[in-house]
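Participant: Need a 3D model of the following:
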Amino acid sequence: MSVPQFLRLFAASAAVMFGLDMLWLAVIAKAFYRARLGHLMRADVLWVPALLFYIIYVAALVVFVVEPAIERQSLARAVFLGAFFGLAAYAAYDLTSLALMKDFPPIVAVVDLAWGATLSAAVCGSVYGLSRLGL
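Facilitator: Numbers count the residues shown, from 1 in each chain. Here you go, the predicted model:
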């Protein structure tokens, strides 16, 4: 994969992921997380660590899922591997939190795992589709 191609795929993936994740976190699931994790949540977001997460995660999606799916010309590969990658990555946080944090709600882990899989599948599938349109 060339650097310009990586940058195009990265930019598209970042835009889709950030948009969907902000919709999820700030609108759809805001009350869910606040009710269950409010005592752990900051009043203000620390944007540097958040942006570092997005940069690393999106780069990994592009390298390990989107680009191989484009090479194989397979939307199914993009969606299914995106879902699996998201499940595995979100499991690192959620299952570790269940194992180590006192009173971490299991329902939060379940919902977050489902969101990680869904979000990653949507990002990878969308960007794969955009690539087929000439991205």
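Participant: Please, which helix or strand holds the residue nearest in space to the middle of the chain?
Facilitator: In the chain, the C-alpha nearest the mean C-alpha coordinate belongs to S120, at 4.6 Å (Cα atoms, centre = their mean). Take DSSP states H and E as the rule and S120 turns out to sit in helix 106-132.
Participant: Skipping adjacent residues, who's closest to L25 in space?
Facilitator: Among residues not flanking L25 along the chain, Y33 sits closest, at 7.3 Å (Cβ to Cβ, 6 or more residues apart in numbering). Where C-beta positions appear, they are placed from N, C-alpha and C, glycine not excepted.
Participant: Checking the residue with the largest distance to the centre of the chain next. Helix, strand or coil?
Facilitator: The centre of the chain is farthest from one residue, K102, which by Cα atoms, centre = their mean lies 25.3 Å away. Classification of K102 using DSSP: H, G, I helix; E, B strand; the rest coil returns coil.
Participant: distance between the host helix or strand of E67 and the chain's centre?
Facilitator: Assigned by DSSP H and E, E67 falls within helix 67-72. With Cα atoms, centre = their mean, to the nearest Å as the basis, helix 67-72 stands 19 Å off its chain's centre.
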